[in-house]
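Visitor: all I have is the shape, not the residue letters:
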């Protein structure tokens, strides 16, 4: 009969295994890792005599339970978006750069140092903020780009170099805020001269969220387009997947490595600019808040996808925002949130070994 498949073909189709695809694999494995982390942390809470249900209830209330809580979450998510990108972009070319914290600190210090003479001379606000942002991006890009150059030209492991540079950046910050750039009026907390309320970046209309959130979201969209829709992004992915094949095709792998590292540093430096110009108003020890290291976890959970970084950063912003409420209501220290973050990181690392192991997620025809 016309249009009817032969019995053998029909039987083969009926026996064909269900394939869900790699996108579903990511969702399933990441969700499983998060649930595992929650279960492990719940056991930890039970062991010290606290209710896991109450803890996660307070996380929700502190992060999303009210307009004030949600705005606090978004404020904390803004730097995490940029530092998450700072890990994700080099990861596309095979680099594991964990020094976003250092680039953020150096960028913030550069912005604050430049602001002191500019504000004194009475430059226009828009011009001052633009100059501060450019200084932060340039300083952060140069700082992390140096680690990329060390990897390309000297074969220095970028994970070690960026971690060491992060410690050096913190020491440089403390040297300047406690020495040459110290404001004489900052007795209790050594800081640079404040840039002044008139030079601070405002908030989004009707909210307490600064414009760094918008900048981070725009960077995610632009970099997603660049990485997925341009020849540059294709060259980066090819170089990260198979450097020898990329070299054989004539791609400048070394330059791409340095450029991706510099982009990462520039993004982290931009986060430092917003911390100075929108949050603190000056450079001091409060800049070393761990945003760069939390950004690594954000990028891991988002699988280095710039668009996925946005909701993941909001999730971790909620965790950070709920720390104070947990401390007041349950008597747990703020560090309990860090314990949860560390548990998530460990489970995600363990979950990396599961990719490609389940036939149901493999493409049709791949029976390995």
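Guide: The structure has been received and is ready for your questions. Because the structure is a prediction, the values reported are computed rather than measured.

Visitor: list the buried ones in stretch 113-122?
Guide: Buried residues in stretch 113-122, counted by 16 or more other Cβ atoms under 10 Å: 113-116, 118-119. Bear in mind the C-beta positions are built from the backbone N, C-alpha and C, glycine included.

Visitor: same deal with stretch 146-158?
Guide: In stretch 146-158, counting by 16+ other Cβ under 10 Å, buried: 146-152, 156, 158.

Visitor: let's have the residues you listed in CSV, adding distance to residue 203, pLDDT and secondary structure.
Guide: Listed next are these as CSV, based on distance: Cβ to Cβ, whole Å; pLDDT from 0 to 100; DSSP: H, G, I helix; E, B strand; the rest coil:
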residue, distance to residue 203, pLDDT, secondary structure
146, 35, 97, helix
147, 34, 97, helix
148, 35, 97, helix
149, 38, 97, helix
150, 39, 97, helix
151, 39, 95, helix
152, 41, 93, helix
156, 42, 96, coil
158, 36, 96, helix
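
Visitor: show me where the stretch 1-150 of the chain has helices.
Guide: Counting by DSSP state H, counting those that start in this stretch, the stretch 1-150 of the chain has helices at residues 7-15, 22-47, 52-64, 67-91, 100-120, 125-149.

Visitor: distance of residue 134 relative to residue 110?
Guide: Residue 134 sits 9 Å away from residue 110, taking Cβ to Cβ, to the nearest Å as the criterion.

Visitor: just residue 39 next, same as before
Guide: Taking Cβ to Cβ, one finds residue 39 at 44 Å from residue 110.

Visitor: need the helices of the stretch 1-150 of the chain in a markdown table with distance to residue 258, can you?
Guide: Formatted as a markdown table, the helices of the stretch 1-150 of the chain follow (distance: least, Cβ to Cβ, whole Å):
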| stretch | distance to residue 258 |
| --- | --- |
| helix 7-15 | 51 |
| helix 22-47 | 29 |
| helix 52-64 | 38 |
| helix 67-91 | 10 |
| helix 100-120 | 14 |
| helix 125-149 | 4 |
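
Visitor: thinking again about what came up before, make a markdown table out of the buried residues of stretch 146-158 and add distance to residue 300.
Guide: Below are those laid out as a markdown table (distance: Cβ to Cβ, whole Å):
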| residue | distance to residue 300 |
| --- | --- |
| 146 | 24 |
| 147 | 19 |
| 148 | 20 |
| 149 | 25 |
| 150 | 24 |
| 151 | 20 |
| 152 | 24 |
| 156 | 23 |
| 158 | 16 |
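
Visitor: for those, which one is nearest residue 178?
Guide: Among those, residue 146 lies closest to residue 178 (Cβ to Cβ), at 24.5 Å.

Visitor: so for the nearest residue to that closest one once chain neighbours are set aside, what's the pLDDT?
Guide: Spatial nearest neighbour of residue 146, chain neighbours left out: residue 165 (7.4 Å); criterion: Cβ to Cβ, 6 or more residues apart in numbering. With respect to pLDDT, residue 165 scores 97.

Visitor: in which helix or strand would I find residue 165?
Guide: Assessed by DSSP states H and E, residue 165 sits inside helix 158-177.

Visitor: ok, now residue 181?
Guide: Assigned by DSSP H and E, residue 181 falls within no helix or strand.

Visitor: give me the neighbour count for residue 77.
Guide: Other residues near residue 77 come to 29 when the count uses other Cβ atoms under 10 Å.

Visitor: go through the helices of the stretch 1-150 of the chain and find the least confident stretch.
Guide: Of all the helices of the stretch 1-150 of the chain, the minimum mean pLDDT falls on helix 7-15 (a mean of 47).

Visitor: which positions within stretch 219-238 qualify as buried?
Guide: For stretch 219-238, the neighbour count (16+ other Cβ under 10 Å) marks 219-220, 223-224, 226-227, 233, 235-238 as buried.

Visitor: okay, how far is it across that stretch, tip to tip?
Guide: Separation of the first and last residues of stretch 219-238 by Cα to Cα, to the nearest Å is 22 Å.

Visitor: how far out from the middle of the chain is that stretch?
Guide: Relative to the centre of its chain, stretch 219-238 is centred 17 Å away, using Cα atoms, centre = their mean, to the nearest Å.

Visitor: before we move on, the earlier item: the more surrounded of residue 39 and residue 110?
Guide: Neighbours per residue (other Cβ under 10 Å) separate residue 39 from residue 110, with residue 110 holding more: 25 against 13.

Visitor: those helices in the stretch 151-300 of the chain, which residues are they?
Guide: Remark: helices assigned in the stretch 151-300 of the chain by DSSP H, counting those that start in this stretch are 158-177, 212-229, 231-241, 243-248, 253-274, 291-301.

Visitor: which one among the buried residues of stretch 219-238 gets closest to residue 259?
Guide: Nearest to residue 259 among those: residue 236, at 8.7 Å, using Cβ to Cβ.

Visitor: now that closest one: how far from residue 100?
Guide: Noted for residue 236: a distance of 18 Å to residue 100, by Cβ to Cβ.

Visitor: so residue 333 lies in a strand, does it not?
Guide: No - assigned with DSSP: H, G, I helix; E, B strand; the rest coil, residue 333 falls outside any strand and is coil.
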